[in-house]
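Asks: here you go, sequence then predicted model.
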Amino acid sequence: MSRIRVAIQKSGRLSDKSLALLQGCGLQFARSKDKLFWYGQDFPVDLLLVRDDDIPRMLLDGVCELGIVGQNVAREVMLERNGGDGLDELRPLRFGGCRLSLAVPEDSGATSAKDLDGARIATSYPALTRHLLEQQGVNASIVELAGSVEIAPGLGTAEAIADLVSTGTTLRANHLRELEVIYRSTAALFSGASPLPDDKQALLDRLLMRLDGVLHAAESKYVMLHAPRDAVEAITELLPGAEQPTLLRLEGNRDKVALHAVCRETLFWEHLEALKAAGASAILVMPVEKMLA
């Protein structure tokens with residue numbers, strides 16, 4: 001029987017959410033003693049747990065068919081190996097968001113990336129940083145560092161850095177300020193660019209269908225409420241991302257109906273307040289566990 005291998009981060013900020021996403025698709029795994037290979041029990045999909053920067057390389061080398069990794073890591077490896085090609089992004093995922101930013105010392109006079117033309121820029125993403133700066137017409141000298149990029153300006157080895165930024169606390173601790181965001185990234189599901197055999201493609205299509213269901217369910221809510229019959233249209237228009245709702249007769253009340261709808265966009269308190277103002281009552285919002293379009 002054909003099987004598909006999926007590589008995910010062994011440990012780090014994407015590891016737990018990647019595993020939870022696959023388990024949400026109904027995948028269960030038997031864990032090996034070394035914890036690097038997990039065998040799929042109920043669905044022919046096996047798991048490889050590796051370093052995040054190994055995932056795109058394994059895809060390019062044909063070791064596995066799928067991988068969940070940050071877009072920034074995938075682009076770095078593709079630029080390093082193939083000038084930017086070689087992998088297909090199948091689905092962007094809704095976790096692992098980050099930004100690659102240029103930062104300079106607090107007393108620097110630079111106001112944009114263009115002010116760094118000719119400067120030395122330290123980064124752990126040399127290929128991606130060089131590519132993004134070249135797109136802006138900036139010719140900088142890239143200093144590759146494996147870690148502790150933020151200390152480079154203080155040591156005098158670079159005039160600026162390009163590093164992943166979340167809160168900016170590390171930058172401030174090293175007397176740096178964020179100059180410009182040059183790339184935004186999220187986790188994504190990637191495959192190699194080579195076509196799969198028909199049997200593996202069929203497995204992939206099934207897995208993607210389940211994955212889409214999990215992703216849609218995660219952002220969707222099931223809404224139930226009571227609505228005056230003459231306000232159904234106005235109330236429906238207030239439900240974000242909802243298709244045609246289901247209307248049910250309320251026993252003993254001819255003037256109202258029960259309205260059920262799936263909202264594919266986030267519902268905020270402002271939405272509920274607007275529904276209430278339009279005449280809705282008994283409003284109930286529930287999470288959706290599974291969904292197939």
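Replies: Sure thing, it's come through.
Asks: buried ones in the longest helix seen in the chain?
Replies: Ranked by residue count under DSSP state H, the longest helix found in the chain is helix 198-219. Of the residues in helix 198-219, those with enough neighbours to count as buried (16 or more other C-beta atoms under 10 Å) are 203-204, 207-208, 210-211, 213-218. C-beta here means a position set from N, CA and C on the backbone, and glycine is covered the same way.
Asks: same question for stretch 215-233.
Replies: Of the residues in stretch 215-233, those with enough neighbours to count as buried (16+ other C-beta under 10 Å) are 215-218, 220-228, 231-232.
Asks: out of these, who's nearest Leu47?
Replies: Looking at the buried residues of stretch 215-233 and their distance to Leu47, the nearest is Leu215, at 19.0 Å (C-beta to C-beta).
Asks: quick one, domains of this protein?
Replies: Here the chain is described, according to automatic domain parsing, as comprising the domains 4-95+187-217, 98-185, 220-287.
Asks: give me the low-pLDDT residue ranges for the stretch 151-293 of the chain?
Replies: Judged against pLDDT under 70, the low-scoring parts of the stretch 151-293 of the chain cover residues 293.
Asks: mind redoing it with 90?
Replies: Residues of the stretch 151-293 of the chain meeting the criterion pLDDT under 90: 165-170, 193-194, 213, 215-220, 240-244, 251-254, 263-268, 287-293.
Asks: ok, the stretch 1-150 of the chain next?
Replies: For the stretch 1-150 of the chain, residues meeting the criterion pLDDT under 90 lie at 1-2, 11-13, 31-36, 42, 81-86, 94, 146-148.
Asks: for the stretch 151-293 of the chain, which segments count as helices?
Replies: For the stretch 151-293 of the chain, the helices identified by DSSP state H, counting those that start in this stretch occupy 152-155, 169-173, 198-219, 232-237, 269-277, in order along the chain.
Asks: any idea which of these gets closest to Arg91?
Replies: The closest of the helices of the stretch 151-293 of the chain to Arg91 is helix 198-219. By C-beta to C-beta, the value is 6.3 Å.
Asks: what packs against that closest one?
Replies: Using 3 or more C-beta pairs under 8 Å, 6 or more residues apart in numbering; DSSP states H and E as the contact definition, the elements that helix 198-219 packs against are strand 4-9, helix 15-24, strand 87-92.
Asks: looking at these, which is closest to Ala261?
Replies: When the helices and strands packed on helix 198-219 are compared for distance to Ala261 using C-beta to C-beta, the nearest one is helix 15-24, at 23.0 Å.
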